[in-house]
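Participant: Got a sequence here, can you model it:
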Amino acid sequence: MLGSVLERIGTAQGQGRAEYLASLTQSMVISVDGAHATNPNYVDKHEPSHQISVNGGIVIKRNANQRYATDATSEAFIVGAAKQADVPLQYYVHRNDLPCGSTIGPITAARLGVSTVDIGVPQLAMHSIREMAGMADLDHLTTLLSTTWQI
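Facilitator: Here you go, the predicted structure:
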């Protein structure tokens, strides 16, 4: 659906199909959702060198099996934006011996061919009735996304 909506927007602005396809190569998708913070009760479920803290900054998600769409180009873009905005970053790498969820990032990247980065706001107890995130991270996300529009 996203590709169709984007093409219709381009058509409404006078773009032909070739121009629309060319614009995709100059585009970036920022796939944003929650990110698993390291739960103090289950520290052993997290990669030891990638501990994620609530209110510690926005999380860039990576996965060798492409469950997240982040690649070197998209990561470099978001790191540059975060430096410009003075927003702290954290890096999430899922343990390879545990099952991993996914986001719409890989689907979007595959279908549109657009460079995509998966980021998230750290939260505890994801998918439970007691999910919680930090207010500072919401401010970091707003600042980061606002900065990306200016780049």
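Participant: What segments of the chain are helices?
Facilitator: Secondary structure of the chain (DSSP state H): helices located at 2-12, 17-25, 72-85, 105-112, 135-148.
Participant: Thr11 against Glu19, yeah?
Facilitator: No: under the criterion of Cβ atoms under 8 Å, Thr11 is not in contact with Glu19, lying 9.6 Å apart. Every residue, glycine included, has its C-beta placed from N, CA and C.
Participant: follow-up on the earlier one: compare the mean pLDDT across the helices of the chain and name the weakest.
Facilitator: Among the helices of the chain, helix 105-112 has the lowest mean pLDDT, at a mean of 89.
Participant: which helices and strands does it pack with?
Facilitator: helix 2-12, strand 28-36, strand 115-124 (3 or more Cβ pairs under 8 Å, 6 or more residues apart in numbering; DSSP states H and E).
Participant: Strand partners (parallel or antiparallel) of the shortest one?
Facilitator: This means strand 28-36. Strand 28-36 pairs in its sheet with strand 115-124 (parallel), by DSSP bridges.
Participant: relative orientation of the partner strand and helix 105-112 in degrees?
Facilitator: If you take axes from the mean of the first three to the mean of the last three Cα atoms, to 10 degrees, strand 115-124 sits at 160 degrees to helix 105-112.
Participant: I'd like the numbering to begin with 38 instead of 1 from here.
Facilitator: Understood, numbering begins at 38; the last thing we discussed is strand 152-161.
Participant: closest one to Thr107 among the helices and strands packed on helix 142-149?
Facilitator: Of all the helices and strands packed on helix 142-149, strand 152-161 sits nearest to Thr107, with 5.0 Å by Cβ to Cβ.
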